[in-house]
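*Asks:* predicted model follows, preceded by the sequence.
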Amino acid sequence: MKNATLKMISRILIVTMMLFSFQTAQAAMIGTDQVVAAANAQADRAAVLSTLSRSEVSSQLQSLGLDSQTAKDRVAAMTDQEVSALAGKINSVPAGAISNGWGWAIAIVIAIVIFYNWK
């Protein structure tokens, strides 16, 4: 009796193991460059999103007809390379400065006007 029961259970187990597919797990080491790249991508994405959440940027986006939530959704849909390029552009612009040398030109014109009016 015991022998017949054990044979039946063994056969059921063999059939179920053959019917179910088993997936093998793989473990591998990841390099530090992959970890650093992922951390940099996350930091760049956070920097772009924090810039978009500023009130000045949000109001300028509103004036251009773009909702700030839509802009955040678009940033979320960007690839890591696109976000990195955008974050690089944001980080390269000096805060509060006028780009393309116009700031220096305006400062020189103001200095000339003050110099001639001083006399």
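*Replies:* Now that the structure is in, tell me what you want to look at. Treat the numbers as computed from the prediction; the structure is a model and nothing was measured.
*Asks:* so for the most centrally placed residue in the chain, what's the pLDDT?
*Replies:* Central residue of the chain (Cα atoms, centre = their mean): R45, 2.7 Å from the mean position. R45 carries a pLDDT value of 88.
*Asks:* check S10 too.
*Replies:* Per-residue pLDDT puts S10 at 90.
*Asks:* in which helix or strand does it reside?
*Replies:* In this structure, S10 is located in helix 2-19 according to DSSP states H and E.
*Asks:* same check on A43?
*Replies:* Going by DSSP H and E, A43 is in helix 32-52.
*Asks:* how about the contacts made by S58?
*Replies:* Counting by Cβ atoms under 8 Å, 6 or more residues apart in numbering, S58 touches L52, S68. (Each C-beta comes from the backbone N, C-alpha and C, glycine too.)
*Asks:* where does it fall, secondary structure wise?
*Replies:* Short version: S58 belongs to helix 55-63, going by DSSP H and E.
*Asks:* give the buried residues for that helix.
*Replies:* Neighbour-count burial for helix 55-63, counted by 16 or more other Cβ atoms under 10 Å, picks out S58.
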